[in-house]
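Undergrad: pasting the sequence and the predicted coordinates here, then a few questions.
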Amino acid sequence: MGETRVRCATFNVLHGQLIRPDGRPAATRPEDPAEPLAEAVASLDADVLALQEVDRFQERSGRLDQAAVAAEALGARDWRYATALHSRFVPDRGWVTDPSQPALRVHGPDALEPELPSQGVALLTRLPVREWRVLRLSPGPLAVPLRVAGRAAPVLARDQPRAALAAVLEGPQGPFTAVAVHLSFVPGWNIGQLRAVRRWIEELPRPRVLMGDFNFFGALPRLTLNATAPRGWRSAARQATFPSHRPLVQLDHIMTAGLGADAVGAVDVPRAEISDHRPLVVDLSL
């Protein structure tokens, strides 16, 4: 990788869930629940990494602060975790929310917060950070069929609050903006969220790199981002990422604005031991 290349990656880690070769969740938890997540993150060797479905102090993931585990494994210089919802995941019941807690909190390397169970997104970087920003995204109003790892048929699921994290970073060629998102699975609502994120970052420096699980595929992310001026958004890679054992569709995207097609270098979608998504890794000239 040339000295001006920045390796960017996005990965929906499914709370570090081990996935068997046939696509089903592993029946048992590893002795060290941090190890599979740490190994998967370290193997990406990313300079900037967006993570989705990150647990914090959940029983199902060994009560880990998974963003902190991932940051240590990556050798991150700085990182943030944004809570999408404060709740406990209870088998056979799903999410049990804690209405006494705010839906959005931000944690980083120096945060000393009570051990409140939550789930959210994280943005980790090895580069210097000028500025951090966070945005809350409301849940979609409808329950929709959702494909879940280990289930033969889709299950009817209600949407959850979402969060987006942005950082202005110092790249080899100057400042740029990196954004981590996890959009709704409700059709149409996720398009509105992507438009809201686009407006939210319009004043931040270009180039911009928007990474995450968009929960829609094909040309729709590019068409949505370029629907109104200023345009210029490109897809850095067109690679299927879901399901991880046999990728058929691309739910995970890295979109760029302010970069030409020649800025894209190597692209990879490696299989990891965890998650029903594959990570998407792209080398960019930044």
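TA: Yes, it's here.
Undergrad: tell me the helices and strands packed up against the top strand by length along the chain.
TA: Looking across the chain with DSSP state E, the single longest strand is strand 78-90. Of the remaining helices and strands, those touching strand 78-90 by 3 or more CB pairs under 8 Å, 6 or more residues apart in numbering; DSSP states H and E are strand 48-56, helix 66-74, strand 94-97, strand 106-107, strand 118-125, strand 129-137, strand 162-171. Where C-beta positions appear, they are placed from N, C-alpha and C, glycine not excepted.
Undergrad: counting by contacts, list what the second one packs against.
TA: Pointing back at helix 66-74 there. helix 34-44, strand 48-56, strand 78-90, strand 118-125.
Undergrad: if we can go back for a sec, got the CA coordinates for the longest strand of the chain in CSV?
TA: C-alpha atoms of strand 78-90 as CSV (Å, rounded to 0.1, in the frame of the first residue of the first chain):
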residue,chain,number,x,y,z
ASP,A,78,-8.7,7.3,18.8
TRP,A,79,-12.3,5.9,18.7
ARG,A,80,-15.9,6.6,19.6
TYR,A,81,-18.9,4.3,20.3
ALA,A,82,-22.4,5.8,20.0
THR,A,83,-25.3,4.1,21.7
ALA,A,84,-28.3,3.5,19.5
LEU,A,85,-30.4,2.1,22.3
HIS,A,86,-30.0,1.3,26.0
SER,A,87,-31.5,-2.2,26.4
ARG,A,88,-30.7,-5.8,27.3
PHE,A,89,-31.0,-8.5,24.8
VAL,A,90,-33.0,-11.4,26.3
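Undergrad: list the contacts of Phe176.
TA: Val168, Leu169, Pro205, Arg206, Pro207, Arg208, Val209, Gly258, Leu286 (CB atoms under 8 Å, 6 or more residues apart in numbering).
Undergrad: chain center to the helix or strand hosting it: distance?
TA: Applying DSSP states H and E as the criterion places Phe176 in strand 174-182. Computed by CA atoms, centre = their mean, to the nearest Å, the chain-centroid distance of strand 174-182 equals 12 Å.
Undergrad: what do you get for stretch 240-250?
TA: 16 Å.
Undergrad: try stretch 161-172
TA: With CA atoms, centre = their mean as the basis, stretch 161-172 stands 11 Å off its chain's centre.
Undergrad: likewise for stretch 75-84?
TA: The answer for stretch 75-84 is 11 Å, by CA atoms, centre = their mean.
Undergrad: and it, which residues are buried?
TA: Ala76, Asp78, Trp79, Arg80, Tyr81, Ala82, Thr83, Ala84 (16 or more other CB atoms under 10 Å).
Undergrad: next, find the distance separating the fourth one from Ala122.
TA: So the one you mean is Arg80. To Ala122, Arg80 is 7 Å away according to CB to CB, to the nearest Å.
Undergrad: that older thread, in strands only, show me the contacts of Phe176.
TA: Those of the contacts of Phe176 lying in strands (DSSP E): Val168, Leu169, Arg208, Val209.
Undergrad: for the protein, what helix or strand is lowest in average pLDDT?
TA: The weakest-scoring helix or strand in the chain, judged by mean pLDDT, DSSP states H and E, is strand 94-97 (a mean of 63).
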